[in-house]
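Novice: No sequence on hand, only this structure:
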């Protein structure tokens, strides 16, 4: 019989996702909580997409990027939460090897794309505040489309590398994942061989997706802060700070937990701790985006009242 490394095939045909609890009562409560969170995320992000699509006053680069962000969040939560809800209600918590592969890839692709996309949104704010008179000249629709397509291409390509290396490892048992979805580190911890090389690959990807974009965001906001301090009008200064605060809030909730989970070795992996932290960049970020951008944004509120019939929508 061939040795496991030579065979290079997984012996596991499916995985078992433990989720958060085995207690039926606790699972029932968690089902209601996560269902409400999921529906709220879908409603909030879906509403932002509809409002931006219907109101021509929102057909600007800033709201185009916000619409893309909402689309990413819709796919992000839909990749993991519906399956988790099913597992909370049924005794079977199995997921096939192919299903795990697909979930890891799609979740990673959308997450990596969003991580890069935050730097694009920071660049948008930089141009809008530092070069307001040249905003539409610099950020043309052609450039906006290229930036959106480029971030998606990078995210989906890098996720393919991450998923290929992770799921290409030999898994000969156990097949129990102490998580609520197939996340890279949680699955990789079950591999039957040393994963040091895969950790290096993941670290390189993480640096490209987290460290580089985050550095660009910091540099952008340093220039933005300096430009805002030069604004004489207090009202204009407050408006600029408010717009930037919304973006920075969402960025913090996304980058902080994802940096903690992905930029460390497997030796410090803690399944119980990590699956709780992952809720921040998986569930809460998707929920936070529409809340932050709608409650603090006058244009979104005006568009909402127009759609509700309290004003005329300009097509």
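Specialist: Yep, it's here. All values derive from a computational prediction rather than experimental measurement.
Novice: would you list every one of the strands in the stretch 151-300 of the chain?
Specialist: For the stretch 151-300 of the chain, the strands defined by DSSP state E, counting those that start in this stretch occupy 176-177.
Novice: what does the stretch 1-150 of the chain give?
Specialist: Going by DSSP E, counting those that start in this stretch, the stretch 1-150 of the chain shows strands at 14-17, 94-96.
Novice: what pairs with the first one, and is each one parallel or antiparallel?
Specialist: Partner strands for strand 14-17, per DSSP bridges, with pairing direction: strand 94-96 (antiparallel), strand 176-177 (parallel).
Novice: how about low-confidence regions in the chain?
Specialist: Residue ranges of the chain with pLDDT under 70: 1-10, 264-272, 295-296, 310-315.
Novice: which residue is nearest the middle of it?
Specialist: In the chain, the residue lying closest to the centroid (Cα atoms, centre = their mean) is residue 111, at 3.9 Å.
Novice: Quick check: the gap between the nearest residue in space to it that is not next to it in sequence and residue 120.
Specialist: Sequence neighbours aside, residue 76 is the residue nearest to residue 111 in space, at 6.6 Å (criterion: Cβ to Cβ, 6 or more residues apart in numbering). Every C-beta, even on glycine, is put in place using the N, C-alpha and C of the backbone. Distance, residue 76 to residue 120, using Cβ to Cβ, to the nearest Å: 17 Å.
Novice: The two: which has the busier surroundings?
Specialist: residue 76 (24 against 20; other Cβ atoms under 10 Å).
Novice: My guess is the more buried one contacts residue 107. True?
Specialist: Yes. In this structure, residue 76 is within contact of residue 107 by Cβ atoms under 8 Å, at 7.2 Å.
Novice: Against residue 141, how distant is the residue nearest to the centre of the chain?
Specialist: Counting by Cβ to Cβ, the gap from residue 111 to residue 141 is 26 Å.
Novice: Then residue 217?
Specialist: 23 Å.
Novice: Could you do residue 179 as well?
Specialist: To residue 141, residue 179 is 41 Å away according to Cβ to Cβ.
Novice: Then residue 96?
Specialist: Taking Cβ to Cβ, one finds residue 96 at 42 Å from residue 141.
Novice: ditto for residue 106
Specialist: Separation of residue 106 from residue 141 (Cβ to Cβ) stands at 28 Å.
Novice: Looking at those two, which one has more neighbours?
Specialist: Higher neighbour count among residue 106 and residue 141: residue 106, with 18 against 12, using other Cβ under 10 Å.
Novice: Tell me where the longest helix sits in this structure.
Specialist: helix 97-130 (DSSP state H).
Novice: can you pull the buried residues of it?
Specialist: For helix 97-130, a neighbour-count test (16 or more other Cβ atoms under 10 Å) marks 97, 100-130 as buried.
Novice: Give me the neighbour count for residue 233.
Specialist: Look at residue 233: counted by other Cβ under 10 Å, it has 9 neighbours.
Novice: let me fix that: residue 277
Specialist: 15.
Novice: what's it in contact with, if anything?
Specialist: Each residue near residue 277 by Cβ atoms under 8 Å, 6 or more residues apart in numbering is listed here: 257, 260, 261.
Novice: Helices of the protein, start to end?
Specialist: Along the chain, the stretches classed as helices by DSSP H are 4-7, 24-54, 61-89, 97-130, 135-138, 141-167, 184-188, 196-206, 212-229, 234-262, 271-279, 285-295, 298-305.
Novice: so how far is residue 199 from the closest residue to residue 292 other than its chain neighbours?
Specialist: Leaving out its chain neighbours, the residue that sits closest to residue 292 by Cβ to Cβ, 6+ apart is residue 246, at 4.8 Å. To residue 199, residue 246 is 35 Å away according to Cβ to Cβ.
Novice: Have a look at these two and say which one is more surrounded.
Specialist: Relative neighbour count places residue 246 above the other of residue 246 and residue 199, with 21 against 18, counting by other Cβ under 10 Å.
Novice: Look up how far residue 14 lies from that one.
Specialist: In terms of Cβ to Cβ, residue 246 sits 42 Å off from residue 14.
Novice: repeat for residue 283
Specialist: For residue 283, the distance to residue 14 - Cβ to Cβ - is 25 Å.
Novice: Please apply the same query to residue 187.
Specialist: 12 Å.
Novice: Need the overlap of contacts for the two.
Specialist: By Cβ under 8 Å, 6+ apart, residue 187 and residue 14 have these common neighbours: residue 100.
Novice: If you count surrounding residues, which of these two has more?
Specialist: Using other Cβ under 10 Å as the criterion, residue 187 and residue 14 rank with residue 187 on top: 23 against 12.
Novice: wait, doesn't that one sit right on residue 177?
Specialist: Yes. Using Cβ under 8 Å, residue 187 is in contact with residue 177, at 6.1 Å.
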